[in-house]
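A.B. asks: sequence? don't have it. structure:
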């Protein structure tokens, strides 16, 4: 055999150089991003309204608050909190931020997302600084305004029950969503930015983030769509301190941090994150914008754990407090000589406050006043929305009720086959015409899940169509969920609440679970943000048989039935789906909404049809679809979830009724039915009694646990029939037979369990 000849290395390198540098076609694929400005070391003139010496002293006090708070709790995150101090204090004093501490939740304010939610010592210390400055300046807050405030006296209770929280929560000032899951804040901030831009408002969304968070995949998803959607009112404050928890970020991100923003199309500004003048200029530039309809990131190069003694510039400073002795040394080195081994956290926080001059406090209050003056009056902001959205109804879902007579497009002909996804398609399109702040989108599945009709009403949000209502997320379920959940939490001028619907196949909803969980946490921690969003779990059940087990929607609801604050709705036909969608918006609560791909019967609800029960009874979570006839045969209660299962059961019901007096109960939401049991036990008992729980048979074309509440625990395995394994690929009818849910198999199962009755 002859050896293959190789090009000499020098020749190869010259060829490669020629290909990379001289071939026009290849040069055309070089990264083309937004605008770039590096302010580091530039001879910038002082800005007249930025008192750098006062801001520097305020920063020292804030660090004193942070370190004392963490030392008192022996817990917290000093590293990122300390490295971001100049960034946040300068932002407060820059006049860029629309924020009024005396009305912290003004609907016309800028929105702030702490993607670095672990930096709560900084967030709480900033609020303590602000509200103490107002207090000593003679400002008195109302009881409502005090709900968002923190004072220095509160800081020693950090991370204790009813004290300042361990991660940032949205009921505080300077925070507009509850955070803590790394990387999720980029998507949350983008949600706020697009909501406000698409409403015609001049407000901005600021995201406070760390460099290690950019390792999270959904942060890329957010950075990508932010440019596509033209979110030029989104500003990310990226703290580039070089470290995550485990070590230097280069262990996970080998390329320069700029590469993760500029080539995606973002405007990039770089500064020394401890240089107040450079930061003030960066905020001014970002506020003015670059005129290219793109978002901006300010990359602040900082030192992790700045001034935090022996842990400065280490990954250990991320979540490791100094020993008390080392804390005292660090405080003394910053000029807090009155801090000793014996002084209490309250004493130490008081010492940090005492470092400020009266003029520093007056300066801060004055700059906060300048920020407050930038906020539009609410009436003016609402008038602006009316002008921009002149052809739309400026109301929200909390005021909408089911019409006494449903419009024709929301009524489906009984007796015909119609997949429940056609019901959500019709409802979303109707809602888009009747709700000025309804947003809808999918993870690159709109043609399959059928959201296009609603999206096309006002078009997709983009630079050219900023007031669109459809969002093209691409294959990015995590970002989609976090954006839409966050949008639905907000309250716009005039008290208007947005409504969002986002969709993927049920089998893929697990990828959205953490974003949904964060939204539910926010609702629990901040009841004022209680919202409604519809997570559409499409192609539920084994109907997607040909796609194989990767696409069978069988077990997805196991996550969402475990989360408090959200319910799974599973209507059995298209008319039930419409009723349950109206229920969700009337209750103003999040739902995971199941719809099927395959056509299933729209049940006939009249004498001689499938049932006399109206579709509206689906709102109860369960209802009697077919009652007992009260003959002398043994009574057999059967509960069913899944429209195709019920249709198959009806085919063989006459055969079963030869031996039994059968009651069939349709189940649309076990969680709703449990609520009915609590509120109206007699009504619920007439549908499915304790006796039925002992002796009934239950069927669900998916996870058995969905129906656990319908059978006593000791009988779960014997009386609940679901699908507890991955199924093979095949046609829907073959898959139903494989799972034991075709008509003949149902009859065999029911009659074969007669001995249990």
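C.D. replies: Arrived safely, thanks for sending. Please read these numbers as outputs of a predicted model, since none were measured by experiment.
A.B. asks: Sketch out the low-pLDDT regions of the protein for me.
C.D. replies: 1-7, 10-32, 754-757 (pLDDT under 70).
A.B. asks: Quick check: the gap between residue 534 and residue 572.
C.D. replies: Residue 534 sits 18 Å away from residue 572, going by CB to CB, to the nearest Å. Every residue, glycine included, has its C-beta placed from N, CA and C.
A.B. asks: Actually, residue 696.
C.D. replies: Distance of residue 696 to residue 572, given as CB to CB: 18 Å.
A.B. asks: ditto for residue 715
C.D. replies: 24 Å.
A.B. asks: of the two, who's got more company?
C.D. replies: Between residue 715 and residue 572, counted using other CB atoms under 10 Å, the more crowded position is residue 572 (27 against 16).
A.B. asks: ok, the more buried one touching residue 649?
C.D. replies: No: Residue 572 is beyond contact range of residue 649, at 11.1 Å (criterion: CB atoms under 8 Å).
A.B. asks: Give me the three-state assignment for the most centrally placed residue in the chain.
C.D. replies: Nearest residue to the geometric centre of the chain (CA atoms, centre = their mean): residue 482, 2.8 Å. Using DSSP: H, G, I helix; E, B strand; the rest coil, the structure places residue 482 in helix.
A.B. asks: Select the longest helix from the chain.
C.D. replies: Ranked by number of residues, the top helix in the chain under DSSP state H is helix 52-73.
A.B. asks: Now find how far off-centre it is within its chain.
C.D. replies: Here helix 52-73 is found 32 Å from its chain centre; the criterion is CA atoms, centre = their mean, to the nearest Å.
A.B. asks: What of stretch 110-124?
C.D. replies: On CA atoms, centre = their mean, the centre of stretch 110-124 falls 16 Å from the chain's centre.
A.B. asks: try stretch 679-686
C.D. replies: With CA atoms, centre = their mean, you get 35 Å for stretch 679-686.
A.B. asks: could you measure residue 235 against residue 278, distance?
C.D. replies: Residue 235 sits 16 Å away from residue 278, going by CB to CB.
A.B. asks: Equivalent analysis for residue 224, please.
C.D. replies: The gap separating residue 224 from residue 278 is 28 Å, by CB to CB.
A.B. asks: So those two - more neighbours on which side?
C.D. replies: residue 278 (25 against 16).
A.B. asks: My guess is that one contacts residue 43. True?
C.D. replies: No: Residue 278 is beyond contact range of residue 43, at 11.1 Å (criterion: CB under 8 Å).
A.B. asks: Enumerate every residue touching residue 332.
C.D. replies: By CB atoms under 8 Å, 6 or more residues apart in numbering, residue 332 lies in contact with residue 339.
A.B. asks: Pretty sure it sits in a helix.
C.D. replies: Yes: Residue 332: assigned to a helix according to three-state DSSP.
A.B. asks: how deep is the closest residue to residue 99 other than its chain neighbours tucked in, by neighbour count?
C.D. replies: Nearest non-adjacent residue to residue 99, counting by CB to CB, 6 or more residues apart in numbering: residue 371, 4.9 Å away. As a burial measure, residue 371 scores 22 neighbours (other CB under 10 Å).
A.B. asks: that's a helix at residue 371, yeah?
C.D. replies: Yes: residue state for residue 371 (three-state DSSP) corresponds to a helix.
A.B. asks: I figured it hits residue 91, correct?
C.D. replies: No: between residue 371 and residue 91 there is no contact, the gap being 9.3 Å when judged by CB under 8 Å.
A.B. asks: Now for the two: what residues contact both?
C.D. replies: Common neighbours of residue 371 and residue 91 (CB under 8 Å, 6+ apart) are residue 97.
A.B. asks: measure residue 130 to residue 235 for me?
C.D. replies: Applying CB to CB to residue 130 and residue 235 gives a distance of 20 Å.
A.B. asks: neighbour count winner among the two?
C.D. replies: Higher neighbour count among residue 130 and residue 235: residue 235, with 27 against 23, using other CB under 10 Å.
A.B. asks: So for residue 572 and residue 649, which residues contact both of them?
C.D. replies: Shared contacts of residue 572 and residue 649, defined by CB under 8 Å, 6+ apart, comprise residue 640.
A.B. asks: thinking again about what came up before, next helix or strand past the longest helix of the chain?
C.D. replies: Downstream of helix 52-73, the next assigned helix or strand under DSSP states H and E is helix 78-83.
A.B. asks: how far is that following helix from where the chain is centred?
C.D. replies: In terms of CA atoms, centre = their mean, the centre of helix 78-83 is found 25 Å from the chain centre.
A.B. asks: try stretch 385-401
C.D. replies: Stretch 385-401 sits 23 Å away from the centroid of its parent chain (CA atoms, centre = their mean).
A.B. asks: same thing with stretch 159-166?
C.D. replies: A distance of 23 Å separates the centroid of the chain from that of stretch 159-166, by CA atoms, centre = their mean.
A.B. asks: and residue 265, how many neighbours does it have?
C.D. replies: Other residues near residue 265 come to 18 when the count uses other CB under 10 Å.
A.B. asks: ditto for residue 194
C.D. replies: Neighbour number of residue 194 under other CB under 10 Å is 25.
A.B. asks: Begin at 443 from now on, thanks
C.D. replies: Fine by me, first position is 443 from now on; the one you just mentioned is residue 636.
A.B. asks: any idea how far residue 903 is from it?
C.D. replies: Relative to residue 903, residue 636 is positioned 6 Å away (CB to CB).
A.B. asks: just residue 1108 next, same as before
C.D. replies: For residue 1108, the distance to residue 903 equals 39 Å [CB to CB].
A.B. asks: Could you do residue 951 as well?
C.D. replies: Plainly put, residue 951 is 23 Å away from residue 903 if you go by CB to CB.
A.B. asks: again with residue 1142
C.D. replies: With CB to CB as the criterion, residue 1142 and residue 903 are 38 Å apart.
A.B. asks: Quick one: the helices in the stretch 793-942 of the chain, in order.
C.D. replies: Under the criterion DSSP state H, counting those that start in this stretch, the stretch 793-942 of the chain carries helices at the ranges 800-815, 820-830, 862-876, 888-891, 894-900, 919-931.
A.B. asks: And for the fifth one, what's in contact with it?
C.D. replies: Put plainly, it is helix 894-900. 834, 867-868, 870-871, 873-875, 880, 882-883, 888, 907, 909-913, 943.
A.B. asks: For ChimeraX, write the select line for the buried members of those residues.
C.D. replies: Selection command for ChimeraX covering only the buried members of the contacts of helix 894-900, criterion 16 or more other CB atoms under 10 Å:
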select :834,867,868,870,871,873,874,880,882,883,888,909,910,911,912,913,943
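A.B. asks: any idea which element residue 1175 lies in?
C.D. replies: For residue 1175, the enclosing helix or strand under DSSP H and E is helix 1174-1181.
A.B. asks: next helix or strand past that helix?
C.D. replies: Of the helices and strands lying after helix 1174-1181 in sequence (DSSP H and E), the nearest is helix 1185-1194.
A.B. asks: Direction-wise, compare that next one with helix 1174-1181 and give the angle.
C.D. replies: Relative orientation of helix 1185-1194 versus helix 1174-1181 (axes from the mean of the first three to the mean of the last three CA atoms, to 10 degrees): 20 degrees.
A.B. asks: What residues sit buried inside helix 1185-1194?
C.D. replies: Buried residues in helix 1185-1194, counted by 16+ other CB under 10 Å: 1185, 1187-1189, 1192.
A.B. asks: Distance to residue 520 added to those, as CSV?
C.D. replies: CSV is the format used below for these (distance: CB to CB, whole Å):
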residue, distance to residue 520
1185, 65
1187, 62
1188, 62
1189, 67
1192, 63
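A.B. asks: Out of the residues you listed, the closest to residue 542 would be?
C.D. replies: Proximity of the buried residues of helix 1185-1194 to residue 542, judged by CB to CB, is greatest for residue 1188, which lies at 62.9 Å.
A.B. asks: residues in contact with the closest one?
C.D. replies: Contact analysis of residue 1188 by CB under 8 Å, 6+ apart lists 1087, 1090-1091, 1094, 1141, 1182.
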